[in-house]
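In: sequence and predicted structure below; questions after.
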Amino acid sequence: MKSVSKLVTNINPSGVVKVLIFGGKPGLINEECQRMITAVSPNVQLQEVTEWVNADRKGDFTFKEQLDALLAEAEVIFGAVFPRDITARSPRLKWIQTMNAGVDIVLDTDIMQSRVMLTNASGIHGPPMREFVLYLMLMHAKQASLSFQLQREKRWEPFTPEMLYSKTCGILGLGKIGDEVARLAKAIGMRVMALDVRRMTKAKYIDVMLPPEGLRVLLSESDFVVIALPLTPETTGLIGEEELHAMKPTSYLINVARGKILDEEALAQALKEHWIAGAGLDALSNEPLPVDSKLWELPNLTLTPHVAGRSPHVIVALTNLFCENLRRYLNGEKLFNVVNKKKGF
């Protein structure tokens, strides 16, 4: 986790810090996790209002009066999703801790132009996501879909699976998630290439480190291309028709980042016409994926409903991060994972 040099100043004269939780899914931050938060200090007053926020986001203003009253007093928010016009409705708000590593959900909101401190959950989702990337790579290398088909059809027809050992794994984005993927890929004997805009120091588990200008090199040499980038104006639509054509016809594309980084129309054509061998997508531009999407029908595509970062252990780890940052906030200390709003990560 990274910290910043600027100290957070808590000047609430009453000493009481009102914290709101917007979990995205009611009950995500359960009673045990809420007890962990309130145990940080007797001055913390906590309220979970996920259902009210979800209603507000859908244009249902049944609870608007109650929600506005709480927002008007809130100093800290721990959230996965956020209500409309949050900073205008929260004049006392000083700090938002998001529940995701990426902050694209707030890129086009008033939060990014405000003076409210924004921290993310970078580092929390790395372990489950590295395993999920490995799972998607193995699904294709070991022809899992063929195995499932043979079992359904009661056919005993041996085939020859591929190995990951000695293959090249190209990673776009070497943040906490990309770094975890690189470590695991190297541990199983893969050659690891990585591209990152912020980092050029080559760790011992990375064979080739490239700047952004090296994208075509990475695409042309990789057997598995893993997208682990944050969604920013610069990365939106980064992988399109030209980039897919630059990949090997035997290669696979895996996206566990954000759907809008990838041109899904171009990917559908690439898979149908076999520009590449296959793909695994855990992140889509439109979620849930519309039932009429052509992606559903592609046999060389593995789709999962944005679950790569989920685990029974993640929520506790996420709460621990928030509790540590909350303790630091109350003590006027540096916070972990402060987002650079200009860069979007």
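Out: Perfect, thanks for sending it.
In: please count neighbours and contacts with C-alpha atoms only from this point.
Out: OK.
In: residue 278: neighbour count?
Out: A count of nearby residues for residue 278, using other Cα atoms under 10 Å, gives 24.
In: bridged to it, which residues?
Out: Listed beta-bridge partners, residue 278: residue 252 (assigned using DSSP bridges).
In: my read: it touches residue 295, true?
Out: No - with contacts counted by Cα atoms under 8 Å, residue 278 stays clear of residue 295, the gap being 11.8 Å.
In: mind listing the shared neighbours of the two?
Out: Taking Cα atoms under 8 Å, 6 or more residues apart in numbering as the contact rule, residue 278 and residue 295 both touch residue 301.
In: what sits against the nearest residue to residue 94 once chain neighbours are set aside?
Out: The shortest distance from residue 94 to any non-neighbouring residue, by Cα to Cα, 6 or more residues apart in numbering, is to residue 116 (4.8 Å). Going by Cα under 8 Å, 6+ apart, residue 116 touches 93, 94, 95, 96.
In: now do the last one, the pLDDT please.
Out: Spelled out, it's residue 96. Note for residue 96: predicted pLDDT of 97.
In: any idea how far it is from residue 333?
Out: Distance of residue 96 to residue 333, computed by Cα to Cα, to the nearest Å: 16 Å.
In: same deal with residue 101?
Out: On the measure of Cα to Cα, residue 101 and residue 333 end up 21 Å apart.
In: compare the two (neighbour count), which wins?
Out: Using other Cα under 10 Å as the criterion, residue 101 and residue 333 rank with residue 101 on top: 23 against 19.
In: contact partners for the more buried one?
Out: Neighbour list for residue 101: 120, 121, 122, 123, 124, 125 [criterion: Cα under 8 Å, 6+ apart].
In: what about the third one, how many residues nearby?
Out: The number of residues packed around residue 122, counting by other Cα under 10 Å, is 24.
In: could you pull out the strands for this structure?
Out: 17-22, 44-48, 76-79, 95-98, 117-119, 168-172, 191-195, 208-210, 224-227, 252-255, 278-281, 301-303 (DSSP state E).
In: distance to residue 89 for those strands - can I get that in TSV?
Out: Below are the strands of the chain laid out as TSV (distance: least, Cα to Cα, whole Å):
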stretch	distance to residue 89
strand 17-22	13
strand 44-48	17
strand 76-79	13
strand 95-98	14
strand 117-119	16
strand 168-172	38
strand 191-195	40
strand 208-210	44
strand 224-227	36
strand 252-255	36
strand 278-281	37
strand 301-303	38
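In: identify whichever of the ones you listed lies nearest to residue 60.
Out: With Cα to Cα, the closest approach to residue 60 among those belongs to strand 17-22: 16.1 Å.
In: helices and strands around the closest one, which ones?
Out: strand 44-48, helix 50-57, strand 76-79 (3 or more Cα pairs under 8 Å, 6 or more residues apart in numbering; DSSP states H and E).
In: what's the closest of the strands of the chain to residue 146?
Out: Closest approach to residue 146 among those is made by strand 301-303 (12.3 Å; Cα to Cα).
In: can you list the strands that that closest one pairs with?
Out: strand 278-281 (parallel).
In: contacts for the partner strand, please.
Out: Applying Cα under 8 Å, 6+ apart, the external contacts of strand 278-281 come out as 136-137, 140, 251-256, 271, 300-304.
In: over to stretch 249-261?
Out: By Cα under 8 Å, 6+ apart, the list of residues contacting stretch 249-261 reads 129, 133, 136-137, 140, 222-231, 235-239, 274-286, 306, 308.
In: same question for stretch 211-225.
Out: Residues from elsewhere that reach stretch 211-225 (Cα under 8 Å, 6+ apart): 137, 167-172, 193-197, 200, 210, 243, 246-248, 250-254.
In: pull out the buried members of those.
Out: For those, a burial check counting by 16 or more other Cα atoms under 10 Å picks out 137, 167-172, 193-196, 210, 243, 246-248, 251-254.
In: pull out the buried residues from the contacts of stretch 249-261.
Out: Buried by 16+ other Cα under 10 Å: 129, 133, 136-137, 140, 222-231, 236-239, 274-284, 306, 308, out of the contacts of stretch 249-261.
In: residues in contact with residue 150?
Out: So residue 150 contacts 156, 157 (Cα under 8 Å, 6+ apart).
In: for it, give its distance to residue 203.
Out: For residue 150, the distance to residue 203 - Cα to Cα - is 42 Å.
In: returning to that earlier point: now, among the contacts of strand 278-281, which is nearest to residue 177?
Out: Residue 177 lies nearest to residue 256 out of the contacts of strand 278-281, by Cα to Cα, at 9.3 Å.
In: what's the burial count for the closest one?
Out: Using other Cα under 10 Å, the number of residues around residue 256 comes to 26.
In: please apply the same query to residue 128.
Out: As a burial measure, residue 128 scores 18 neighbours (other Cα under 10 Å).
In: ok, residue 201 next?
Out: By other Cα under 10 Å, 9 other residues sit near residue 201.
In: residue contacts, it?
Out: So, once contact is read as Cα under 8 Å, 6+ apart, residue 201 ends up touching residue 209.
In: do the same with residue 319
Out: 29, 33, 36, 37 are the contacts of residue 319 under Cα under 8 Å, 6+ apart.
In: show me the domain layout of the protein.
Out: Here the domain assignment for the chain is 17-124+311-330, 126-303, based on automatic domain parsing.
In: and the pLDDT for the residue nearest to residue 94?
Out: Model confidence at residue 116, given as pLDDT, is 96.
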